[in-house]
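Q: task: produce atomic coordinates for the following.
(one chain, ligands or ions: 1)
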Amino acid sequence: MELVLEANSLTKTYGRSKALDCLTMRVPRGAIYGFVGKNGAGKTTLIRVVCGLQAPTSGEYAIYGVDSRDRKIAKSRRRMGAVAETPSIYLDMSAADNLKQQYRVLGLPDFTGVTELLALVGLGDTGGKKARSFSLGMKQRLGIAVALCGDPDFLVLDEPINGLDPQGIIEIRELILKLNRERGITVLISSHILDELSRLATHYGFIDHGRMVREMSAEALEAAARKCMRVTVSDTAALAVVLDGMGAEYKILSGDKADVYAKLNVTELTLALHEKGCEVRSIEERDESLESFYLGLVGGERDA
Ligand code: ATP
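A: You can find the predicted model right below:
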């Protein structure tokens, strides 16, 4: 698995407080990596460090396998585009002029990509309208377009949906999916809203107090957090036979407990078990939402 970004024991201290505390992180190529943490958890600090805006106090990171202390890191960083929480755009310029300005900053003399880039982010029809009068969502999309000017294959977005209305959130989400699927861009997206990330992320990193609490794939998170029925019976061997017959997915937890990942007809199940001499003691629905899974992770022991 090729890693676009890898961080090891990354620490950033401000006086006595640690914004990053021995953080490890692995962002695989092609991923939409949801970087989740409460306000003040250290997300922005990590992003600023990997963008080269701040030096870590200790530890290291690598971008496309190039160590942060290697001179070639500047070249690797050119493959990255980043948008801070407040996109750095010129409010008194049109969308097209903002992109042209960025092309100039990057030393790219040819503006032919501007029209395509504006169309890509859904700002193709904004004409001479100044960015000042754009909605927050439009400003965010313009910020993303500016970050795409250097044709990066790794895009870093710090809280891109903060403060957006539902329509704005959908537009950003669709844009990120398009960039990832159609252009193969790896995306690191930070947010404190796990539910929103769950619609696009392929991988997650949960940060709390500057530490990586857990990294996991979207499938692993879904399996850990999905709804299930906790069934307690006198004999799980008999339960397994009945559930197999129903084609239900399940996990035997002990001699008398199992989690069933299917909508069960309780009467049908009870009758079928009764025929096998197996008694049903309880059936309870367990509804672990992503959010409560996350709170379970970061609300418990820090090193859990
Ligand atoms: P938010 O979603 O609120 O932006 P975050 O997860 O991005 O939160 P950071 O901005 O990285 O968190 O902040 C992590 C910690 O470091 C916080 O306790 C913050 O107060 C502290 N911090 C960040 N920048 C500085 C600074 N320049 N000087 C002192 N402390 C700082």
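
Q: flag every buried residue along the helix ranked longest in the chain.
A: Of all the segments of type helix in the chain, defined by DSSP state H, the longest one is helix 166-183. Using 16 or more other Cβ atoms under 10 Å as the test for burial, helix 166-183 gives 168, 169, 171, 172, 173, 175, 176, 179, 180. All C-beta spots, glycine's among them, are computed from the backbone N, C-alpha and C.

Q: what helix or strand is the nearest residue to residue 69 once chain neighbours are set aside on?
A: Once flanking residues are discounted, residue 69 sits nearest to residue 60: 6.6 Å by Cβ to Cβ, 6 or more residues apart in numbering. For residue 60, the element it lies in under DSSP states H and E is strand 58-63.

Q: what does that strand rub up against?
A: If you take Cβ atoms under 8 Å, 6 or more residues apart in numbering as the criterion, strand 58-63 is touched by 3-11, 20, 22-23, 25, 49-50, 67-69, 73, 76-77, 79-80, 154.

Q: could you list the low-confidence segments of the stretch 101-250 of the chain?
A: Within the stretch 101-250 of the chain, no stretch has pLDDT under 70.

Q: please pick the buried ones from the contacts of strand 58-63.
A: 3-7, 10-11, 20, 23, 25, 49-50, 68, 73, 76-77, 79-80, 154.

Q: which ones among those residues are found in strands?
A: Among the buried ones among the contacts of strand 58-63, DSSP state E puts 3, 4, 5, 6, 7, 10, 11, 20, 23, 25, 80, 154 in strands.

Q: looking at the residues you listed, spot the one nearest the ligand.
A: Nearest to the ligand among these, counting by Cβ to the nearest ligand atom, is residue 20 at 7.7 Å.

Q: quick one: residues contacting that closest one.
A: Residue 20 neighbours (Cβ under 8 Å, 6+ apart): 10, 11, 12, 42, 45, 46, 49, 56, 59, 210.

Q: close to the ligand: what parts of the stretch 51-200 of the chain are there?
A: Within the stretch 51-200 of the chain, the positions near the ligand by Cβ under 6 Å from any ligand atom are residue 192.

Q: what ranges do the strands span in the stretch 51-200 of the chain?
A: 58-63, 66-67, 80-83, 154-158, 186-191 (DSSP state E, counting those that start in this stretch).

Q: adjacent strands (with direction) for the first one?
A: Okay, so that is strand 58-63. strand 3-14 (antiparallel), strand 66-67 (antiparallel) (DSSP bridges).

Q: among those, which is nearest residue 283?
A: Residue 283 sits nearest to strand 3-14 of all these, at 43.7 Å, using Cβ to Cβ.

Q: list of residues touching the closest one?
A: Contacts for strand 3-14 (Cβ under 8 Å, 6+ apart): 18-29, 31, 42, 45-46, 49-50, 54, 56-65, 154, 186, 188, 210.

Q: for stretch 118-127, measure first residue to last.
A: This stretch, stretch 118-127, spans 10 Å end to end (Cα to Cα, to the nearest Å).

Q: what does that stretch rub up against?
A: Against stretch 118-127 from outside (Cβ under 8 Å, 6+ apart): 94-96, 99, 115, 134, 138, 141-142, 144-145, 148, 171, 175, 178.

Q: just the ones in helices from these, please.
A: Per DSSP H, those map to helices at 95-96, 99, 115, 138, 141-142, 144-145, 148, 171, 175, 178.
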